[in-house]
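Chemist: using only what follows, build the 3D model:
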Amino acid sequence: MASEMPARNLNQVERGIEEALRNFAGGVNGNELPEITAAERIDKIGNMSALAIVEASESTAKDIEEAGQAAVQIAADIMKEAQQLAADLRANGKKMGEHLQEFAMLARKVSTAMRNTRAEVLNRQLHAPRGPCGSYTWRTRSAARRACRSGRGR
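Modeler: Numbering: from 1, shown residues only. A predicted model of the protein is given here:
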C-alpha cells in the first residue's frame, strides 16, 4: 500500500503539470489535447522577443532619424541667419567706410582753411603799418597812446 500511494501522487503531479502547460499554451481545441513541447514554447518566446526587439529598434531608429533631421533643419536656419548677419555687417561696414572718407575730406578742407586763415592773419600783422610807438594798427588809438605812455608799446 505504501508503494501505491507515491505512484498516484506522481500521476496527479504529472496531470497537473500537463494541464498547467495546456492552459499556458492556449487551452484545448475541442476534444484534442495540444501537444506542448519545450521547443514550441521556446520558439514562441523567441519570436515574440525578436518581434519586440525589431519594433523597439525600428522606433528608436525612426526617433534618431527625426532628431538628425531636426538638427539639420536647425543648422540650416542658423546658416541662413549667419548669412544675413554677414550681409548686414558688410553693408554697414561699407557705409561706415564711406562716412569716414567723407569726414576725412571735410577735415582736410577745414584744416586747409584754418592753415590759410592763420597764414593770412600772420601776414597781415607782419606787413601792417605801425602806429605810435611802433605798435600795430590792430590796437585802438587810445590803447596805442596808453601803451606808448606806459612804455609797453615798444
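
Chemist: any weak-confidence spans in this protein?
Modeler: 1-10, 13, 20-39, 41, 127-154 (pLDDT under 70).

Chemist: now do the helices in it.
Modeler: 4-25, 38-127, 141-150 (DSSP state H).

Chemist: among those, show me which one is buried the most.
Modeler: Among these, ranked by average contacts under mean count of other C-beta atoms under 10 Å, first place goes to helix 141-150 (a mean of 14). Placement of C-beta: from N, CA and C, glycine included.

Chemist: contact partners for Thr60?
Modeler: Contacts for Thr60 (C-beta atoms under 8 Å, 6 or more residues apart in numbering) come out as none.

Chemist: how far away is Arg90 from Arg115?
Modeler: Note on Arg90: its distance to Arg115, by C-beta to C-beta, to the nearest Å, is 37 Å.

Chemist: next one: Gly93
Modeler: 32 Å.

Chemist: same check on Ile45?
Modeler: Distance, Ile45 to Arg115, by C-beta to C-beta: 102 Å.

Chemist: what do you get for Ala107?
Modeler: Ala107 is 12 Å from Arg115, by C-beta to C-beta.

Chemist: ditto for Ile64
Modeler: Counting by C-beta to C-beta - Ile64 and Arg115 are separated by 74 Å.

Chemist: what of Thr60?
Modeler: Distance from Thr60 to Arg115, by C-beta to C-beta: 80 Å.

Chemist: ditto for Leu85
Modeler: Counting by C-beta to C-beta - Leu85 and Arg115 are separated by 44 Å.

Chemist: do Ala104 as well
Modeler: 16 Å.

Chemist: now swap in Ala82 and tell me
Modeler: Going from Ala82 to Arg115 by C-beta to C-beta gives 48 Å.

Chemist: Ala91 too?
Modeler: 36 Å.

Chemist: what of Asn123?
Modeler: With C-beta to C-beta as the criterion, Asn123 and Arg115 are 12 Å apart.

Chemist: do Val121 as well
Modeler: For Val121, the distance to Arg115 - C-beta to C-beta - is 11 Å.

Chemist: what does His99 give?
Modeler: 24 Å.

Chemist: then Ala76?
Modeler: Ala76 is 58 Å from Arg115, by C-beta to C-beta.
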